[in-house]
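Q: fold the following.
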Amino acid sequence: MTTSHTDLADLAAGLASDDESLRHASAERLLQLGPDAAPAAIAIVSATATDDEVLLEHLVGALESIEHPLASDVDRLAALLSADEGDVGYWAATLLGRLGDQAAPAVPALAAGLGSPVQNTRHRSAWALGRIGTAAAAAVPALERATRDDDPRLARLATKALDQVR
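A: The predicted structure follows:
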């Protein structure tokens, strides 16, 4: 069974609904779609700014199944990196990292993500820069600073990313 762009748009809109049951039904359906939910990735990432644990579980499951987000979503994912609610920044960085060097336009936003007030966004931004590889060369100064951070995990991830970028 295939899902049309209209169906995906309806599911994405359902995630932003005021109706809790519609949000849950939309998230559950997107989870069931697996990798085919990729065109709704922006809406799914945005919806992770929730305290609803059941909804979040469905959203995370859907995001985990999206191996390769759409390259056309790079700018919108980069814009979500600065979100400080929920797991939005973490998942934006994760999807950017999964794009590898196709996410090169997001390097400045990911470099800024290394200084995010949200710890898991800082960590995932370092990881994503490493996945982008040599196309993330502009982030070397930010990664070098992050290797000296008081957060040992960030320092370790930044060191590994530097090796992948150089």
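
Q: only C-alpha atoms for contact and neighbour calcs from this point on.
A: Fine.

Q: and the residue lying closest to Ala137 once chain neighbours are set aside, how many residues sit next to it?
A: Of all residues not flanking Ala137 in the chain, Val165 sits nearest, at 5.9 Å (C-alpha to C-alpha, 6 or more residues apart in numbering). Look at Val165: counted by other C-alpha atoms under 10 Å, it has 20 neighbours.

Q: likewise Asp101?
A: Using other C-alpha under 10 Å, Asp101 has 20 neighbouring residues.

Q: that one contacts Ala128, doesn't it?
A: No. At 9.8 Å, Asp101 does not count as touching Ala128 under the criterion of C-alpha atoms under 8 Å.

Q: contacts only, for His58.
A: His58 makes contact with His24, Ala27, Glu28, Leu31, according to C-alpha atoms under 8 Å, 6 or more residues apart in numbering.

Q: what about it, distance to Ala112?
A: Separation of His58 from Ala112 (C-alpha to C-alpha, to the nearest Å): 29 Å.

Q: what's the span of stretch 12-25, first residue to last?
A: With C-alpha to C-alpha, one end of stretch 12-25 sits 11 Å from the other.

Q: sorry, that was for stretch 9-27
A: Start to finish, the residues bounding stretch 9-27 are 12 Å apart (C-alpha to C-alpha).

Q: and that stretch, what's buried?
A: Residues Leu11, Ala12, Ala13, Gly14, Leu15, Ala16, Leu22, Arg23, His24, Ala25, Ser26, Ala27 are the ones in stretch 9-27 that count as buried (16 or more other C-alpha atoms under 10 Å).

Q: what's the spacing between that stretch and its chain's center?
A: 20 Å (C-alpha atoms, centre = their mean, to the nearest Å).
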